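[1] Let's see this in three dimensions:
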Amino acid sequence: MRRLGLLVLVAALAGAVTSAAARPRGPEGASGRAGRASDPVVAAVGDIACDPSSASFNGGAGTATACAQLATSNLVVGQSLAAVLALGDDQYGCGGYSAFLQSYDSSWGRVKSITHPVPGNHEYQSSGGTDCDPGGTARGYFSYFGAAAGDPSRGYYSFQVGAWHLIALNSNCVNIGGCGTGSPEETWLRADLKAHGSLCTLAYWHHPRFTSGVVGDDSDVSAFWQDLYKAGADVVLNGHAHGYERFAPQAPNQSPDAKRGIREFVVGTGGEDFHPFTTTKPLSQARQDAAFGVLLLTLNPGSYDWQFSATPAGSYSDSGTTSCH
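    The predicted structure is shown next:
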């Protein structure tokens, strides 16, 4: 009986190790907190599916440096995720509905039921791809995602995942009446933050306020950062720059702020192609422009774990843990 009990104990410990290893855990950060196995995991990435007319489309399989939407989607399919956050430019070159069906749907469409998207500039583009919308209203994007994309006249909304409040914003400011202080979206954001006083808050949109990428910083979303910082938000996710970059927690003026600063991740590695980095920003802690992949975030009560997961063709990794404010 003693030997049988020992075997049962060993088996239980082995199962616990296996379960922990399957989670996107990084090394413990300053918080020293460990998440629970039941805490929700979300995947985030933007700049995803190339146009089906692209020379690199290759029947949807893509190449080593372009059109890798199938390879990146394979990282998340069947992974019991709580949500997928599509960070914009989900479908190139103009986000046409037919292009969505031919390219995005056959890859990332496999997790459409749990996807919470935001639009990028290519969704509003009126030329340069399959089935473009001459009106520049992101018609293909809103038709494909339906209610999950929010009101087509706005494209922003919020929702809960576990203990976290998530806010999806539309950074295509000229298309929706602006993003500055007093604009309809910024006014909505302030009201949403006031109504949801969660301990942990994550916001995401397409154009990054800060990036070392060639696309440069986007000052049009400055008011978003000001509002989120005042409300004590923890994480901002963006795409647009075709690479991966992680910043230290920072204030809206780009100064370090370990106590109340927002950590920004730029995850433009969904498969379209790569952009080079130019001038490295002072608070940029990690960056790469050679491996496609997705960011996995474990949303623990009071903290979050991050892990960049690369496709088999890549070899980059980045992970860690941080407490909420």
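
[2] what about the spatially closest residue to Gln226 that is not a sequence neighbour, distance to Gly216?
    Closest residue to Gln226 apart from its sequence neighbours, by CB to CB, 6 or more residues apart in numbering: Pro252 at 5.2 Å. Where C-beta positions appear, they are placed from N, C-alpha and C, glycine not excepted. The spacing between Pro252 and Gly216, counted by CB to CB, to the nearest Å, is 17 Å.

[3] swap in Ala231?
    On the measure of CB to CB, Ala231 and Gly216 end up 26 Å apart.

[4] And for Gly129?
    To Gly216, Gly129 is 23 Å away according to CB to CB.

[5] out of those two, which sits in the more crowded spot?
    Of the pair Gly129 and Gly216, Gly129 is the one with more neighbours under other CB atoms under 10 Å, namely 23 against 15.

[6] Could you give the backbone dihedrals for that one?
    Phi and psi for Gly129, reported as degrees, to the nearest 10, are phi -170, psi -170.

[7] which residues touch it?
    Residues near Gly129 by CB atoms under 8 Å, 6 or more residues apart in numbering: Asp51, Ser53, Tyr92, Gly93, Cys94, Gly95, Gly96, Ala99, His122.

[8] Quick one, which of the residues you listed are buried?
    Buried residues within those, defined by neighbour count using 16 or more other CB atoms under 10 Å: Asp51, Tyr92, Gly93, Cys94, Gly95, Gly96, Ala99, His122.

[9] what comes into contact with stretch 132-151?
    90-91, 94-101, 104-105, 112, 115-117, 119, 123-127, 131, 152, 155-157, 168, 172, 175.

[10] what about it, average pLDDT?
    Stretch 132-151 shows a mean pLDDT of 97.

[11] Just the buried positions in it, please.
    Using 16+ other CB under 10 Å as the test for burial, stretch 132-151 gives 132-133, 136, 138-145, 148-150.

[12] what's the first-to-last distance across that stretch?
    Start-to-end span of stretch 132-151 (CA to CA, to the nearest Å) is 20 Å.

[13] Now do that stretch: distance to the chain's middle.
    19 Å (CA atoms, centre = their mean, to the nearest Å).

[14] wait, Gln199 sits on Gly302?
    Actually, residue 199 is Leu. It isn't Gln. Yes. Applying CB atoms under 8 Å, one finds Leu199 in contact with Gly302, separated by 6.1 Å.

[15] Give me the secondary structure label for the spatially closest residue to Tyr229 that is not a sequence neighbour.
    Among residues not flanking Tyr229 along the chain, Pro252 sits closest, at 5.3 Å (CB to CB, 6+ apart). In three-state terms, and counting by DSSP: H, G, I helix; E, B strand; the rest coil, Pro252 is coil.

[16] any idea how far Pro252 lies from Trp108?
    Taking CB to CB, one finds Pro252 at 32 Å from Trp108.

[17] Neighbour count: those two, which is higher?
    Set Pro252 next to Trp108 and count neighbours by other CB under 10 Å: Trp108 wins out with 27 against 19.

[18] Show the pLDDT at that one.
    98.

[19] who's in contact with it?
    Trp108 neighbours (CB under 8 Å, 6+ apart): Ile48, Ala49, Gln69, Thr72, Ser73, Val84, Ala86, Asp90, Thr115, Gly270.
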